[in-house]
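Trainee: Here's my sequence, what's the structure:
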Amino acid sequence: MASATCSGKPLEVRRVGTVASGARTLYAVWFPDYTKGSIAVSLRHDGTTSEATLALDEAGDLSCAA
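Mentor: Down below sits the predicted model:
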């Protein structure tokens with residue numbers, strides 16, 4: 001994951017570990033409170049970048065829009 005945004009504002013993306021004998025990397029973003037909606041993410045793999053939307057739960061006081 002190269003970056004993530006919540007309603008156009010950058011989110012801190014942290015690499016938190018690997019699984020599948022190092023074949024997959026896990027990333028996390030932090031929110032100050034329960035957050036609903038969706039975030040926009042930029043993904044990078046082997047020199048190619050793509051954009052995607054990641055849906056969040058529908059519970060929370062804060063809202064994000066991708």
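Trainee: so where's this protein shaky on pLDDT?
Mentor: Within the chain, no stretch has pLDDT under 70.
Trainee: Could you pull out the strands in this protein for me?
Mentor: Per DSSP state E, the chain has strands spanning 3-6, 9-11, 13-19, 24-29, 35-45, 48-55, 62-64. These are given in chain order.
Trainee: Output the contacting helices and strands for the longest one.
Mentor: The elements that strand 35-45 packs onto, with contact taken as 3 or more CB pairs under 8 Å, 6 or more residues apart in numbering; DSSP states H and E, are strand 3-6, strand 48-55, strand 62-64. (Glycine included, C-beta is placed from N, CA and C.)
Trainee: who touches it?
Mentor: Surrounding strand 35-45, the residues in contact under the criterion CB atoms under 8 Å, 6 or more residues apart in numbering are 1-6, 11, 29, 49-60, 62-66.
Trainee: Now with 7 Å, please.
Mentor: With CB atoms under 7 Å, 6 or more residues apart in numbering as the contact definition, strand 35-45 has outside contacts at 1-6, 11, 49-60, 62-66.
Trainee: List only buried entries from the residues you listed.
Mentor: In the contacts of strand 35-45, burial by neighbour count holds for Met1, Ser3, Ala4, Thr5, Cys6, Leu11, Leu56, Cys64, Ala66, counting by 16 or more other CB atoms under 10 Å.
Trainee: Just flag the most distant two among those.
Mentor: Ser3 and Leu56 (16.5 Å; CB to CB).
Trainee: State the distance from the residue of the chain positioned farthest from its centre to Arg15.
Mentor: Counting by CA atoms, centre = their mean, the extreme residue of the chain relative to its mean C-alpha position is Ser21, 22.3 Å from that point. When distances are taken as CB to CB, to the nearest Å, Ser21 and Arg15 turn out to be 17 Å apart.
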